[in-house]
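[1] Fold the following for me, if possible:
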Amino acid sequence: MNQKHPKGLPILFFTEMWERFSFYGMRAILVLYLTKETMGENPGMGWSNTDALVLYGWYTMLVYVFSIPGGIIADRWLGQKKTVFLGGLLIAAGQLTLVVDSLATFYTGLMLIISGVGCLKPNISTMVGGLYKAGDPRRDAGFTIFYIGINIGAAAAPLIVGYIGEVYGWHYGFGLAGIGMLLGQGVYLWGQKFLKEVGNFIPMEKVEGSKTNKPLTKIEKDRVIVLLISFVIVIVFWGAYEQAGGLMNIYTKEKINRMVFGFEIPASLFQSVPAFFVIIFGTAVASFWLKRNKLGKETSSLFKMAIGIMVMGTGFLMMSGATLEAADGGKAMLIWLILSYLLQVIGELSLSPVALSFITKLAPVKYASIMMGIYFAATGLGNKLAGLVGEFAQSAGEFEVFTGIFIFCLLFGLLLLLFFKKLKELTHGAEEVSA
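    Numbering: from 1, shown residues only. Next up is the predicted model:
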């Protein structure tokens, strides 16, 4: 983890950090804003929990699904570098549009943000992969550093955007995220001197060994199959993990005892807890896998994903404990929520940054940004699934849903372990490290 990395890496993670500041700021207050009554201090939209979770699911799905057109724009017309800049400007415009209190500007702002994230997110991740040559042993560590760095934004957003939005005014919170995005774009422009070799638009006919209509080789087809299976893993993972911004956010507000030293902590601030855990434990988890690799034990990406999804799922067993404690109409202890987020993050660190690196290793060159776009679209489908599960919990009950997520993730992870050796063969050595 202490190997020297390209100078472009901090520029990219600082840019993405502000995108995450925007996303997690919205994640912290969107559902709370929608469900807040329309009258009284700091009024909201007055929606029901179910309706709010429906919109939350659609919004978080589309944010990622738009990564597919974002990837196509980069691959066919602008290149990754320019598409990232375009995306950042759209996100900033969307956040600042949300400052205006009207239904029309609310939906316009959401669509601008969705379009912006679709342009920025898949392409900046592909650019990170482009900083390293094939077989570079620093690549996985580089993505982990990138992942830790951007979570600074994810950690700060609920504390700043969440607190300002929930306590002083929702629209102030939305505006703060827009200012942050403009700052990120300024740094991105300044750092172009460190990104000269990555993200440039290259017509397909000029890509070495490629023509646009050249069919994929047998090896490339096998690798695409593995990538498509990894996208299913991603859908399942985020379908569970993204309960944090919806169901768990509402549950925290209504049924968790948030009193600490006589002060009631706003529910939105707890959205920063997972990101803080990423920052604290990111290096430790990466080091664990590195040490395991040096001992000659299994550390393939698919193996890490299987373990990650099971550990993450175990976090929901903690929430089952919370529902049992609050079953008599009282409120559950805060420790249940903290332990749940801790286990979810340990699982996330074994899956999410690994999946990003995995795609840059296996994706055919001519489909690099598009495949990254499909990955984020899978993330979006997982987010929509999370919203549907949250809606279901309104009638089925939180205990049944939290426990069901735990059982499903455990069984799904075990199924992956059963078949991962066969899947690993289909990668044809893409993860082999060069000297």
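[2] show me what contacts the residue of the chain most remote from its centre?
    The centre of the chain is farthest from one residue, Asp328, which by C-alpha atoms, centre = their mean lies 35.0 Å away. Listed by C-beta atoms under 8 Å, 6 or more residues apart in numbering, Asp328 has no contact partners. No exception for glycine: its C-beta is placed from N, CA and C like everyone else's.
[3] for it, helix, strand, or coil?
    coil (DSSP: H, G, I helix; E, B strand; the rest coil).
[4] does Ile405 sit in a helix, a strand or a coil?
    When classified by three-state DSSP, Ile405 comes out as helix.
[5] Retrieve the pLDDT associated with it.
    With respect to pLDDT, Ile405 scores 95.
[6] my guess is it contacts Tyr241, does it?
    No: using C-beta atoms under 8 Å, Ile405 is not in contact with Tyr241, being 9.6 Å away.
[7] Leaving out the residues flanking it, which one is nearest to Ile225?
    Nearest residue to Ile225, sequence neighbours excluded (C-beta to C-beta, 6 or more residues apart in numbering): Leu426, at 5.9 Å.
[8] backbone phi and psi for that neighbour, please?
    phi -70, psi -10 (degrees, to the nearest 10).
[9] Distance of it relative to Leu227?
    Distance of Leu426 to Leu227, given as C-beta to C-beta, to the nearest Å: 10 Å.
[10] Pick out whichever of those two has more residues nearby.
    Remark: of Leu426 and Leu227, Leu227 carries more neighbours, 23 against 18, as counted by other C-beta atoms under 10 Å.
[11] Counting by contacts, list what the helix or strand hosting the more buried one packs against.
    According to DSSP states H and E, Leu227 maps onto helix 218-241. With contacts taken as 3 or more C-beta pairs under 8 Å, 6 or more residues apart in numbering; DSSP states H and E, helix 218-241 sits against helix 301-325, helix 334-362, helix 368-396, helix 398-425.
[12] Pull out the buried residues from it.
    Neighbour counts using 16 or more other C-beta atoms under 10 Å place 220, 222-224, 226-227, 229-231, 233-241 of helix 218-241 among the buried residues.
[13] mind checking how far the nearest residue to Ser357 once chain neighbours are set aside is from Ser48?
    Nearest non-adjacent residue to Ser357, counting by C-beta to C-beta, 6+ apart: Phe143, 4.3 Å away. Applying C-beta to C-beta, the value for Phe143 to Ser48 is 40 Å.
[14] Comparing the two, which residue is more hemmed in?
    Counting neighbours by other C-beta under 10 Å for Phe143 and for Ser48 shows that Phe143 has the greater number, 25 against 11.
[15] Let me see the ranges of the helices in the stretch 101-250 of the chain.
    Counting by DSSP state H, counting those that start in this stretch, the stretch 101-250 of the chain has helices at residues 103-130, 139-157, 163, 170-190, 218-241, 247-255.
[16] Give me the distance from the next helix or strand after the last one to the chain's centre.
    Read in the C-terminal direction, the helix or strand following helix 247-255 is strand 259-260, with elements assigned using DSSP H and E. Computed by C-alpha atoms, centre = their mean, to the nearest Å, the chain-centroid distance of strand 259-260 equals 29 Å.
[17] again, but for stretch 417-431
    With C-alpha atoms, centre = their mean as the basis, stretch 417-431 stands 25 Å off its chain's centre.
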